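A.B. asks: Quick one: sequence plus predicted model below, questions after.
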Amino acid sequence: MTETLRDWIAGRVSDELAPTALEVIDESHLHAGHSGSRPEGETHFRLDVVSPAFEGKSRIERHRMVNALLDQAFQRGLHALAVRARTPAEAG
């Protein structure tokens, strides 16, 4: 069985950031016909991650951390990634 890109993203973020909350949402269907979309999907994702690893980091630093972790996902066909990265205190 081939691992989906969604599952790969979730696993990678879980392994590296030990999140207290994680949502990986495939929004590819919302971008049908747009640049980078493919009929099979898995091109556009929304990531909502809460992790202590973001403590003391700016929004830009947090996004850079996530993008660096998921560099291989872009090589596997990811076209766009929306990131919401919060600390446990910010998530309430």
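C.D. replies: Yep, it's here.

A.B. asks: For V83, list each beta-bridge partner.
C.D. replies: Beta-bridge partners for V83, by DSSP bridges, are L47.

A.B. asks: how much space is there between it and D71?
C.D. replies: 14 Å (Cβ to Cβ, to the nearest Å). Using the backbone N, CA and C atoms, a C-beta is placed for each residue, glycine as well.

A.B. asks: So which bits of stretch 57-76 are buried?
C.D. replies: R62, H63, M65, V66, L69, L70, A73 (16 or more other Cβ atoms under 10 Å).

A.B. asks: My read is that the third one contacts A53, right?
C.D. replies: Yes - contact criterion Cβ atoms under 8 Å: M65 and A53 qualify, at 7.1 Å.

A.B. asks: Excluding chain neighbours, what is closest to A21?
C.D. replies: Nearest residue to A21 in three dimensions, chain neighbours excluded: V50, at 4.0 Å (Cβ to Cβ, 6 or more residues apart in numbering).

A.B. asks: for T4, same thing?
C.D. replies: E42 (6.6 Å).

A.B. asks: got a list of what E90 touches?
C.D. replies: V50 (Cβ atoms under 8 Å, 6 or more residues apart in numbering).

A.B. asks: could you say which helix or strand contains it?
C.D. replies: Per DSSP states H and E, E90 falls inside helix 88-91.

A.B. asks: Just confirm W8 is within a strand.
C.D. replies: No - applying DSSP: H, G, I helix; E, B strand; the rest coil, one finds W8 to be helix, outside a strand.

A.B. asks: can you pull out the strands in this protein?
C.D. replies: 21-26, 44-50, 80-86 (DSSP state E).

A.B. asks: And the shortest one, what's buried?
C.D. replies: It refers to strand 21-26. Quick answer for strand 21-26 (16+ other Cβ under 10 Å): L22, V24, D26.

A.B. asks: since we're on the spatially closest residue to the last one that is not a sequence neighbour, how many residues are nearby?
C.D. replies: In this structure, D26 finds its nearest non-sequential neighbour in R6, 5.4 Å apart by Cβ to Cβ, 6+ apart. Here the number of neighbours of R6 (other Cβ atoms under 10 Å) works out to 16.

A.B. asks: quick revisit: which one of the buried residues of strand 21-26 is nearest A91?
C.D. replies: L22 (11.1 Å; Cβ to Cβ).
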